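1. got a sequence here, can you build the structure:
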Amino acid sequence: MATIRPFRALRPLPESAAIVASVPYDVVNTAEARALAEGNPLSFLRVSRPELELPDGTDIYSDEVYARAKSNFESLRDQAPLIVEEEPALYLYRLRMGERTQTGLVTCCSVEEYDNDTIRKHERTRKDKEDDRTRHITTLRAQTGPVFLTYRGTAVIDSLVAELADQEPLFDFTAPDGIVHTVWKLPATANTTMIEAFAKVPALYIADGHHRGKSASRACEELRAANASHTGDEEYAFFQCVVFPADQLAIYPYHRVVKDLAGLSLEAFLERVSSAFDIAPGTPSPSDRGEISMYLAGVWHRLTPRIDPHSRPRVIDRLDVSVLQDFLLSPVLGIEDPRTDKRIDFVGGIRGTGELEKLVNQGSAAVAFSMHPVTVDELMQISDAGEIMPPKSTWFEPKLRDGLLSHLI
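-> Sure thing, here's the model as predicted:
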């Protein structure tokens, strides 16, 4: 059973939504955030990435950064302004990228259900990133960006969403990247019907935002310990999510680039690779699952594993990213843990394979691997099995915007 709960959102007025809303904090670095926020004092990046206002080289986990986040949040509430809804509400959030749309429910979900795996995960989190967002939440007493969830859709919920989206939206704007963001506030009369419909959904799945989810759990634990009168109904016991049906989602690949060939010559490297893969002339993108495109010395190669991935017992082991890790990155290049090894980096598929060519051609990387995307069904099967995907296996587009609807705790 999936528990959803209306909440009193902190939000901008419709006329300022487009200039307040920002890309998620974790898809840009400090320099990119600074460039995006330049000339816009109302950009929510000044709250989610406040170090952009501080000198270069500032430790992004320093006390000064969280203090700046708090002061910027308070200033933005006054200047935008941001208002708090009088009554708890649910919302619909539609993203349109080109001809494709996806519409999800903005709600609060239960931290307890996150902790007991009713809300299922497929990715490990890093403690430094958990620490950062946990402190951000407890400093602001707000969750300022939603966790992106998915579920196996139902005809009942699809019908409800279609009916409720046929009204005047609260927000409707096109972001600088061309993505159209439309948000509807649902009438109070819809709350019970939507809650009852989701109560029949057996599980929710984190698609994107594992660190936000874990940080919400840790913030709840911290605030609960400080509250002798804790009942479980407090706002901190819930976290903001946008829940999309799985059949509306698209996953892009997450590519890999490696800085060196572990001391091997080109010839020796190719010989080692050929022990586990058939190597043939290739194209920048794999034509199908079970193939990997490799860019090396200005040439694209197609790698086809000599072992049949379907012979491997677990779904997770059949993923192309797992095959690459187990038969090339680890044994040939010595990358045992891609989560921590500084020799490997990851490039979101939305940036295109031209980015891989550029990194290799300019000498920033020695070799690049272009991957075929994982499917949503594979993600859900792996989550159901309680298994963990290799890091950076999925890239979801389009991205939700921070700052449109915040959850005060």
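2. burial of the residue nearest to Gly334 when sequence neighbours are not counted, as a residue count?
-> Spatial nearest neighbour of Gly334, chain neighbours left out: Ala262 (4.9 Å); criterion: C-beta to C-beta, 6 or more residues apart in numbering. No exception for glycine: its C-beta is placed from N, CA and C like everyone else's. When counting by other C-beta atoms under 10 Å, one arrives at 15 neighbours for Ala262.
3. now the one 5 residues further on
-> By the other C-beta under 10 Å criterion, the neighbourhood of Glu267 contains 8 residues.
4. and Glu9, how far is that from Leu92?
-> Not Glu; residue 9 is Ala. 13 Å (C-beta to C-beta, to the nearest Å).
5. also Arg314?
-> 36 Å.
6. more crowded one of the two?
-> Per other C-beta under 10 Å, whichever of Arg314 and Leu92 has more neighbours is Leu92, with 24 against 12.
7. what's that one sitting at in phi/psi?
-> phi -110, psi 140 (degrees, to the nearest 10).
8. could you list which residues are in contact with Glu291?
-> By C-beta atoms under 8 Å, 6 or more residues apart in numbering, the contact list for Glu291 reads 302-304, 320, 372.
9. would a markdown table of those residues with neighbour count, distance to Val106 and pLDDT be doable?
-> Formatted as a markdown table, those follow (neighbours: other C-beta atoms under 10 Å; distance: C-beta to C-beta, whole Å; pLDDT from 0 to 100):
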| residue | neighbour count | distance to Val106 | pLDDT |
| --- | --- | --- | --- |
| Arg302 | 17 | 42 | 98 |
| Leu303 | 25 | 42 | 98 |
| Thr304 | 13 | 43 | 97 |
| Asp320 | 24 | 33 | 95 |
| His372 | 19 | 32 | 94 |
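10. let me know the closest of the residues you listed to Gly334.
-> Leu303 (18.1 Å; C-beta to C-beta).
11. helix or strand for that closest one, which one?
-> Secondary structure from DSSP states H and E places Leu303 in strand 299-305.
12. just the strands in the stretch 151-300 of the chain please.
-> Listed in chain order, the strands of the stretch 151-300 of the chain (DSSP state E, counting those that start in this stretch) span 171-174, 180-185, 204-208, 238-245, 251-252, 254-258, 277-281, 292-296, 299-305.
13. for those strands, which one sits closest to Ile335?
-> Smallest distance to Ile335 across these (C-beta to C-beta): 7.0 Å, for strand 254-258.
14. what pairs with that closest one, and is each one parallel or antiparallel?
-> For strand 254-258, the paired strands and their directions (DSSP bridges) read strand 344-348 (antiparallel), strand 367-370 (antiparallel).
15. quick one: buried residues of the first one?
-> Spelled out, it's strand 344-348. 344-345, 347-348 (16 or more other C-beta atoms under 10 Å).
16. rounded mean pLDDT for it, please.
-> The average pLDDT within strand 344-348 is 93.
17. what does the closest residue to Cys220 other than its chain neighbours show for phi and psi?
-> Distances taken as C-beta to C-beta, 6+ apart put Val111 closest to Cys220, at 4.4 Å, once the chain neighbours are dropped. When read as degrees, to the nearest 10, the backbone of Val111 gives phi -60, psi -40.
18. quick check: Val111 touching Ala216?
-> Yes. In this structure Val111 lies within contact range of Ala216 using C-beta atoms under 8 Å: 6.1 Å.
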